[in-house]
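Q: This is the structure alone, sequence omitted:
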């Protein structure tokens, strides 16, 4: 480790807000948030056809509060996740520099931030359709259970998928669409499998530490070749379910164009991560998957605007 001298300026300690945003990986909201907006777009269309208010479109206020609810719930859950995993993270060279194991944040600062994000979530859900005032504990319970799953089962990737897969259903009911319709649930299942697949890819980075610490993951439990094959199967099913879900919610051609582009990106994602070459895991995990979520949303928006 290098040391500062008179000729070398001492680096400035990063601001607390920046540390907190890095801790909760604020930019990763792009994975689930587009699917919540998709649920809202098609849910509002259904409400409009049923004679509801809004002209078949989610109001700007609904879009705002859906975004606040999604970001608030995710950030709160991420703080809990990081706190629960702090000892595991400290033993892993890849994660030892995270804010909690590295001591970059005080406990009171961490939990004050968590309380603020929880408050933002609760405030938002009470500004949306009345049903959300009854359903709000469900996503929180799923999020809070997630960090414990890896201690018991390699199906933890699918539990994470469940957490993100609630997004299109949440957006759907947030604008007053009926919760019993199958379309948003099928799209949610697609998001579940998509997320599980890319999380399996991500877990290949930690296989040695997971085996050592008896942490479950598909790469650690069944080996990298079988785990990557499982990702491919999950992503094929993702595309099929997005297609079926689009039919059920009444989507038009532009939705399926977006799904087709997403399918090509999923093929690319799986092609750049190989058993004997894991050097592009981060590109597959963040860059490609962030683009996929946005592409599907753009397809949905074009479908609503131009159909």
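A: Thanks, I have the structure now. Bear in mind the structure is a predicted one, so any value in this text is a computation, not a measurement.
Q: For this protein, give me the ranges with low pLDDT.
A: Screening the chain residue by residue with the criterion pLDDT under 70, one finds the ranges 1-14, 16, 19-29, 52-54, 283-285.
Q: again, only this time at 80
A: Residue ranges of the chain with pLDDT under 80: 1-30, 51-55, 97-109, 277-280, 282-287, 307.
Q: in it, which spans are strands?
A: Chain-ordered strands for the chain, with DSSP state E as the definition, do not occur.
Q: mind checking how far the closest residue to residue 195 other than its chain neighbours is from residue 253?
A: Take residue 195 and drop its neighbours on the chain: the residue closest to it by Cβ to Cβ, 6 or more residues apart in numbering is residue 161, 3.9 Å away. Using the backbone N, CA and C atoms, a C-beta is placed for each residue, glycine as well. When Cβ to Cβ, to the nearest Å is the yardstick, residue 161 and residue 253 sit 28 Å from each other.
Q: Between the two, which has more neighbouring residues?
A: When residue 161 and residue 253 are compared on other Cβ atoms under 10 Å, the one with more neighbours turns out to be residue 161, at 26 against 13.
Q: got the contact list for that one?
A: Residue 161 makes contact with 191-196, 199 under the criterion Cβ atoms under 8 Å, 6 or more residues apart in numbering.
Q: ok, 7 Å please
A: For residue 161, the contacting residues are 192-193, 195-196, taking Cβ atoms under 7 Å, 6 or more residues apart in numbering as the criterion.
Q: Adding distance to residue 33 and neighbour count as columns, could you present those residues in TSV?
A: Listed next are the contacts of residue 161 as TSV, based on distance: Cβ to Cβ, whole Å; neighbours: other Cβ atoms under 10 Å:
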residue	distance to residue 33	neighbour count
192	16	24
193	18	24
195	13	26
196	18	25
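Q: For the stretch 1-150 of the chain, just list every one of the helices.
A: Taking DSSP state H, counting those that start in this stretch as the test, the helices found in the stretch 1-150 of the chain are 16-23, 33-49, 60-84, 86-91, 107-125, 132-135, 137-149.
Q: Now stretch 152-171: buried residues?
A: Residues 154-171 are the ones in stretch 152-171 that count as buried (16 or more other Cβ atoms under 10 Å).
Q: Apologies, that question was intended for stretch 102-117.
A: Residues of stretch 102-117 classed as buried by neighbour count (16+ other Cβ under 10 Å): 104-105, 110, 113-114, 117.
Q: Excluding chain neighbours, what is closest to residue 48?
A: Of all residues beyond its chain neighbours, the one nearest residue 48 is residue 56 (2.8 Å), with distances taken as Cβ to Cβ, 6+ apart.
Q: can you give me phi and psi for the one you found?
A: Residue 56 has phi and psi values of phi 80, psi 10 when expressed as degrees, to the nearest 10.
Q: if I look at it, how far off is residue 34?
A: Taking Cβ to Cβ as the criterion, residue 56 is separated from residue 34 by 20 Å.
Q: And for residue 80?
A: Where residue 34 is concerned, residue 80 sits at a distance of 24 Å (Cβ to Cβ).
Q: More neighbours: which of these two?
A: Ranked by neighbour count (other Cβ under 10 Å), residue 80 and residue 34 place residue 34 first, with 24 against 18.
Q: which ones are touching the spatially closest residue to residue 303 that is not a sequence neighbour?
A: Ranked by Cβ to Cβ, 6+ apart and with sequence neighbours excluded, the top spatial neighbour of residue 303 is residue 254, at 3.9 Å. For residue 254, the residues meeting the contact criterion (Cβ under 7 Å, 6+ apart) are 299, 302-303, 306-307.
Q: Kindly report the same for residue 114.
A: Taking Cβ under 7 Å, 6+ apart as the criterion, residue 114 is in contact with 76, 79-80.
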